[in-house]
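Participant: Return atomic coordinates for the entry below.
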Amino acid sequence: MFKLLGGLHRSWSSSTLGKPPGCISRIWFGPLPKDSKWVKPGRISYIENDVKKTADIVKIVDGVVVLLFSKSREKLIFVRQFRGSVYHGICTGSNVQVSEGEADLERFPPEMGVTLELCGGAVDKDKSLAEIAQEEVLEECGYKVPVESLKHVFDYRSGVGASSGAMTLFYCEVRDDQKVAMGGGVDNEVIQVVELSVEEARKLVQTGAKTNGGPSCMMGLLWFFLQKDSN
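Facilitator: Residues are numbered from 1 along each chain as shown. Predicted structure coming up:
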């Protein structure tokens, strides 16, 4: 039976963005299979100043993210989806043990794991980063954009502790006539497209703000307000 392993979990709220993108009826946890396609745990050892040191690491897939801005409606475009890692992190707090068994959905509603993110995806194709980003914009948000419209903003690391994936941030302006599909992802993905006004998005990076989104979203917004929005 799933138990709360940590103390107080971080606050969360989905009320401002409406209902979650999908209907989750059951959640359970288990150990990582050895054939995982996306995550590979390991250990690195090294000698620094004649002292042997080790670090436990998790190899993850590199990714691209795209900050989308609708010129037709002057709104920033985000995606929402359930992230199991976020759900587990909130439920268990600071405890590093991976719990096993069923989650209590009344005590821990699935909405706790719904994130607000920039459009993006894994670098898992033999294509350029811009081409992968172009595909993600179409699949997740429904806009067909030329590769040339994707502005390369910067490259960074998703983390520098246990895991570290190379990330590339793009910026792209879109118009309504480029909307050719509903978006929402491919295969079994359940992704909800969300549009926020510039002022609504500004609240996400104000002092004291809380969000379930990753650092890519915050970094993209801070760049936007610094480089694109002069108000």
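Participant: so who does His152 touch?
Facilitator: 130, 168-170 (CB atoms under 8 Å, 6 or more residues apart in numbering). For every residue, glycine as well, the C-beta is placed using N, CA and C.
Participant: From Asp126, how far off is it?
Facilitator: 19 Å (CB to CB, to the nearest Å).
Participant: With Val39 instead?
Facilitator: According to CB to CB, Val39 stands 21 Å off from Asp126.
Participant: Mind checking which of the two has more residues around it?
Facilitator: Neighbours of Val39 and Asp126, each counted by other CB atoms under 10 Å, are more numerous for Val39; the result is 13 against 7.
Participant: who are the neighbours in contact with that one?
Facilitator: 32, 58-60.
Participant: low pLDDT regions in the protein?
Facilitator: Scanning the chain for pLDDT under 70 picks out the ranges 1-18, 229-231.
Participant: Determine the longest helix present in it.
Facilitator: helix 215-227 (DSSP state H).
Participant: Name the residues that touch that one?
Facilitator: In contact with helix 215-227 (CB under 8 Å, 6+ apart) are residues 65, 67, 69, 76, 78, 116-118, 120, 153-154, 156, 158, 167, 169, 171, 201-202, 204-205, 211.
Participant: Report the buried residues of it.
Facilitator: 216-217, 219-221, 224 (16 or more other CB atoms under 10 Å).
Participant: mind putting those in JSON lines, distance to Ser45 included?
Facilitator: Shown next, in JSON lines, are these (distance: CB to CB, whole Å):
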{"residue": "Ser216", "distance to Ser45": "30"}
{"residue": "Cys217", "distance to Ser45": "35"}
{"residue": "Met219", "distance to Ser45": "32"}
{"residue": "Gly220", "distance to Ser45": "36"}
{"residue": "Leu221", "distance to Ser45": "38"}
{"residue": "Phe224", "distance to Ser45": "41"}
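Participant: ok, of those, which one's closest to Val194?
Facilitator: Cys217 (11.4 Å; CB to CB).
Participant: The closest one and Arg43, how far apart?
Facilitator: 31 Å.
Participant: give me the number of residues near Tyr156?
Facilitator: Other residues near Tyr156 number 15, with proximity taken as other CB under 10 Å.
Participant: quick one, phi/psi of the residue located most distally from the centre of the chain?
Facilitator: When each C-alpha in the chain is compared with the mean C-alpha position (CA atoms, centre = their mean), Asp50 comes out farthest, at 39.2 Å. Dihedral pair for Asp50: phi 70, psi 20, per degrees, to the nearest 10.
Participant: Against Ile44, how distant is it?
Facilitator: For Asp50 relative to Ile44 (CB to CB), the value is 18 Å.
Participant: just Met218 next, same as before
Facilitator: Distance, Met218 to Ile44, by CB to CB: 28 Å.
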